[in-house]
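Mind looking at a prediction? Sequence and model below.
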Amino acid sequence: MIPEEVKKAITPFKKINSKRRIQVITAIVMTSLMTFFITTVSYLVYQDVGVVHDFFSPKVSTVVDVEDDSEEWQSVNFNDKNYLIFDSVFWKKSIVNAGSNEIDSGNETESDILLRVKDVNGKVIVDEIQVKPATSVKLDGLKKNEKYFFEIKAPQGRFFINAF
């Protein structure tokens with residue numbers, strides 16, 4: 001049905017289409033491999049290089065020892081400073097009561113803490129948030145690049161506080 005001349009004319013186009021199909025498949029495979037490689041290397045850099053991890057996931061921790069059962073607010077020091085500045089867009093502005101040991105008649109029990117946050121002028125920004133052990137609270141009202149002073153009220157014991 002198809003003349004022999006037309007078949008001869010179509011043959012080079014079939015070769016070109018076959019080569020083109022191989023090129024497209026090769027490009028897709030190479031792009032997929034490169035994407036996988038770049039993603040894997042990027043995650044490993046994020047995970048294992050401290051400076052990179054600290055930049056994208058900032059966190060500070062402190063230990064607060066409450067010596068007596070007084071109802072006084074006790075200042076919380078992060079990195080030997082009595083204030084904390086959320087200086088990156090990556091801060092979640094959360095405080096975690098990572099663990100607490102209340103000393104009650106010689107027994108150690110976990111205890112809640114009360115947290116409040118003040119600004120530079122001493123104005124209370126966040127007032128008396130209860131933080132249960134192994135839980136976090138989000139502090140949405142805090143702004144970037146401002147000094148905040150954290151205080152806790154808790155029973156006698158040792159408290160581990162993390163800020164994210």
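Nice, I can see it. The structure displayed is predicted, hence computed values, not measured ones.

Mind checking which residue lies nearest the centre of this protein?
Closest to where the C-alpha atoms of the chain average out (C-alpha atoms, centre = their mean) is S57, at 4.1 Å.

Show me where the chain dips below the pLDDT cut-off.
100-109 (pLDDT under 70).

elements contacting the longest helix that the chain contains?
With DSSP state H applied, the helix covering the greatest number of residues in the chain is identified as helix 4-48. With contacts defined as 3 or more C-beta pairs under 8 Å, 6 or more residues apart in numbering; DSSP states H and E, helix 4-48 has these neighbours: helix 50-56. To be clear about C-beta, it is placed using only N, CA and C from the backbone, and glycine gets the same treatment.

I'd like to know which elements the helix it packs on is packed against.
Using 3+ C-beta pairs under 8 Å, 6+ apart as the contact definition, the elements that helix 50-56 packs against are helix 4-48.

that older thread, can you tell me how far the residue nearest to the centre of the chain sits from N145?
Spatial separation of S57 from N145 under the definition C-beta to C-beta, to the nearest Å is 19 Å.

quick one: contacts for I95?
For I95, the contact set (C-beta atoms under 8 Å, 6 or more residues apart in numbering) comprises 115, 131, 136-137, 139, 150, 161-164.

rerun that using 7 Å as the cut-off
I95 is in contact with 115, 131, 136-137, 139, 161, 163, counting by C-beta atoms under 7 Å, 6 or more residues apart in numbering.

Can you give me the domain boundaries for this protein?
With domains defined by automatic domain parsing, the chain comprises 4-50, 59-163.

Any idea how far apart the tips of the last one sit?
Spelled out, that is domain 59-163. For domain 59-163, the separation between the terminal residues is 6 Å (C-alpha to C-alpha, to the nearest Å).
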